[in-house]
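> Sharing a sequence plus its predicted fold:
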Amino acid sequence: MVNMNSEKVFIVEDEVIVAESLNDQLQSLGYTVVGQATSGEEALQKITKNLPDLVLMDIMLKGEMDGVETAKEVRDLHGIPVVFLSAYSDSETLQRAKLIEPFGYLIKPYKVRELFTTLEITFYKHRMEKLIRDNERHLKTLLRSIGDGVITIGTEGQITSMNPVAEKLTSWNESESKQENVLDILQLEETGVKTLLPDLIAKTLVGETVSCLVEDELILVNREGKKIAVDLSAAPIRNDDEKIVGSVFTVRDISSRKQAEIDLSEARQVLRNSLTPREKEVLQLMVKGSRTKEIAFDLNISSRTVEAHRKNMMSKLNVGDMTMLVSFAVTHKLVPL
């Protein structure tokens, strides 16, 4: 029955003999005692300086601060776990102690085995809680760094979290959206008709990972009535037992992409309009692989005229040779293929 990690313990006990006995017990169990104090005020000063891994706190202390008040300060200032020691077990004292959410409570007199078991459970619980907090912070950092909107919901459709991008897209902040139904927050339309978002949720809750349900453009109508072109995907959320406990939605704003497509389409139209009908005929045959003489025969024009049209198109489209001209025409869909 020995602690293998030599965790640091601080003792707050106003009875010197009891404190020394506790100090010996802790050292015999493998813990490192980094200090002692007989009052709350003294304890706060020394704990701030030594930063132990755990504080053993007697509830009844000399001075203006009792153990409960001191424990609250220790928790709020440093997040250090506290285990109460007391000969008092009345309901009022226990109720005050419970409000501080201590990691343990030992009633004097206690056995050394009880002390060891309580401390080991406290250290384990504190490590697990820290691990959970670290994982939550890591997850929140990841969600904040993602460029897409991410919304999670429970099995009943209630929103459980929303990253900043999703907040911006929907015009809802996370705190006010929590426990709201996703159907009220994530309002989607497909070419003006509301999509069957419940079907999407239902698919994820039976284990499917799905992308946008619709073939056509999907529109998010946010809280302010603004319409945003989006891509949407969803997947189930599972717990450690592989039980589905909710769904996660990824919403990507594709407004810029849609605008770029419009701009590109307009630019292509300008290029098409710069070509004469005859040049388009010549270019279409070039794209099909016809040679100069074949083009001349098909269009009933001379080879010299074909070459003249080709030269004019290369100048208009700012390309250097025939290969580049054909490639440019195919890439920008200047003629039917």
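Received, thanks. Numbering: from 1, shown residues only.
> ranges for the helices of the stretch 151-300 of the chain?
164-170, 174-177, 182-185, 197-205, 255-274, 277-287, 292-299 (DSSP state H, counting those that start in this stretch).
> Show me what counts as buried in the second one.
By neighbour count with 16 or more other C-beta atoms under 10 Å, helix 174-177 contains the buried residues residue 177. C-beta: built from backbone N, CA, C; applies to glycine.
> Does anything pack onto it? Which helices or strands?
Applying 3 or more C-beta pairs under 8 Å, 6 or more residues apart in numbering; DSSP states H and E, we find helix 174-177 packed against strand 159-162, helix 164-170.
> quick one: average pLDDT of that helix?
The average pLDDT within helix 174-177 is 88.
> cool, and stretch 30-39?
Rounded mean pLDDT across stretch 30-39 is 92.
> and that stretch, how far out from the chain's middle?
41 Å (C-alpha atoms, centre = their mean, to the nearest Å).
> Okay, buried residues for it please.
Neighbour-count burial for stretch 30-39, counted by 16+ other C-beta under 10 Å, picks out 31, 33-39.
> picking that back up, quick check: which of the helices of the stretch 151-300 of the chain is buried the most?
helix 164-170 (a mean of 20; mean count of other C-beta atoms under 10 Å).
> Verify the stated contact: residue 97 with residue 85.
No: contact criterion C-beta atoms under 8 Å: residue 97 and residue 85 do not qualify, at 10.7 Å.
> can you list residues touching both of these two?
residue 59 (C-beta atoms under 8 Å, 6 or more residues apart in numbering).
> more neighbours, these two?
Set residue 97 next to residue 85 and count neighbours by other C-beta atoms under 10 Å: residue 85 wins out with 23 against 20.
> can you tell me how far that one sits from residue 107?
Computed as C-beta to C-beta, to the nearest Å, the residue 85 to residue 107 distance reads 8 Å.
> Output the below-cut-off pLDDT ranges for the stretch 101-250 of the chain.
138-145, 190-196, 212-216 (pLDDT under 70).
> all strands of it, in order?
Secondary structure of the stretch 101-250 of the chain by DSSP state E, counting those that start in this stretch: the strands cover 104-107, 149-154, 159-162, 188-190, 193-194, 210-211, 218-221, 227-238, 244-253.
> How is this protein divided into domains?
8-140, 148-253, 266-331 (automatic domain parsing).
> Show me what the mean pLDDT comes to for the shortest one.
Taken as a whole, domain 266-331 has an average pLDDT of 90.
> before we move on, back to that, for the helices of the stretch 151-300 of the chain, give me a markdown table that also has distance to residue 21.
Listed next are the helices of the stretch 151-300 of the chain as a markdown table, based on distance: least, C-beta to C-beta, whole Å:
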| stretch | distance to residue 21 |
| --- | --- |
| helix 164-170 | 54 |
| helix 174-177 | 50 |
| helix 182-185 | 59 |
| helix 197-205 | 59 |
| helix 255-274 | 71 |
| helix 277-287 | 96 |
| helix 292-299 | 106 |
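> export the domains of the chain to a markdown table and tack on distance to residue 337?
Shown next, in a markdown table, are the domains of the chain (distance: least, C-beta to C-beta, whole Å):
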| stretch | distance to residue 337 |
| --- | --- |
| domain 8-140 | 48 |
| domain 148-253 | 23 |
| domain 266-331 | 7 |
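> wait, which of the ones you listed is closest to residue 259?
domain 148-253 (8.9 Å; C-beta to C-beta).
> how near is residue 253 to residue 64?
Distance from residue 253 to residue 64, by C-beta to C-beta: 58 Å.
> Which one of these two is surrounded by more residues?
Using other C-beta under 10 Å, the more surrounded residue of residue 253 and residue 64 is residue 253, with 18 against 9.
> The more buried one against residue 218, yeah?
No: with contact defined as C-beta under 8 Å, residue 253 does not count as touching residue 218 (11.3 Å).
> Common neighbours of these two, please.
Contacts common to residue 253 and residue 218, judged by C-beta under 8 Å, 6+ apart, are 229-230.
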